[in-house]
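Novice: Structure here, sequence nowhere to be found:
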């Protein structure tokens, strides 16, 4: 997600997206460890999205 898209969301929506991304990272880690997926790019992008979301949540405090 782009930072511009994330800035348009309120805190509750950001927390919901954060939970979804964290679950996605868990699934991707499992898939990578069991060699079911070879593309690590999705994992990296999700982790960056999590960092962006946490930054926006902390900025709003």
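Specialist: Received it, and whenever you're ready, just let me know what you need. Just so you know, these numbers come straight off a predicted model, no measurement behind them. Residues are numbered from 1 along each chain as shown.
Novice: any idea of the pLDDT on the nearest residue to residue 9 once chain neighbours are set aside?
Specialist: Of all residues not flanking residue 9 in the chain, residue 17 sits nearest, at 7.0 Å (CB to CB, 6 or more residues apart in numbering). (Glycine included, C-beta is placed from N, CA and C.) With respect to pLDDT, residue 17 has a value of 97.
Novice: Identify each buried residue in the helix or strand hosting residue 17, please.
Specialist: If you go by DSSP states H and E, residue 17 is part of helix 11-33. Using 16 or more other CB atoms under 10 Å as the test for burial, helix 11-33 gives 14, 17-18, 21, 24-25, 28.
Novice: could these go into a markdown table alongside distance to residue 57?
Specialist: Formatted as a markdown table, the buried residues of helix 11-33 follow (distance: CB to CB, whole Å):
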| residue | distance to residue 57 |
| --- | --- |
| 14 | 6 |
| 17 | 10 |
| 18 | 8 |
| 21 | 13 |
| 24 | 18 |
| 25 | 17 |
| 28 | 22 |
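Novice: in the chain, what secondary structure element scores lowest on mean pLDDT?
Specialist: helix 3-7 (a mean of 93; mean pLDDT, DSSP states H and E).
Novice: ok, residues contacting that helix?
Specialist: 14, 17, 52-53, 56 (CB atoms under 8 Å, 6 or more residues apart in numbering).
Novice: likewise stretch 42-54?
Specialist: 1, 3, 6, 14, 17-18, 21-22, 24-25, 28-29, 32.
Novice: how does it look with 6 Å?
Specialist: Stretch 42-54 is contacted by residues 1, 3, 6, 14, 18, 21, 24-25, 28 when judged by CB atoms under 6 Å, 6 or more residues apart in numbering.
Novice: now swap in stretch 27-34 and tell me
Specialist: 37, 42-43.
Novice: Out of those residues, the closest to residue 10 would be?
Specialist: residue 42 (26.2 Å; CB to CB).
Novice: what is the mean pLDDT for whichever strand or helix holds that closest one?
Specialist: In the assignment (DSSP H and E), residue 42 maps to helix 41-60. Helix 41-60 shows a mean pLDDT of 96.
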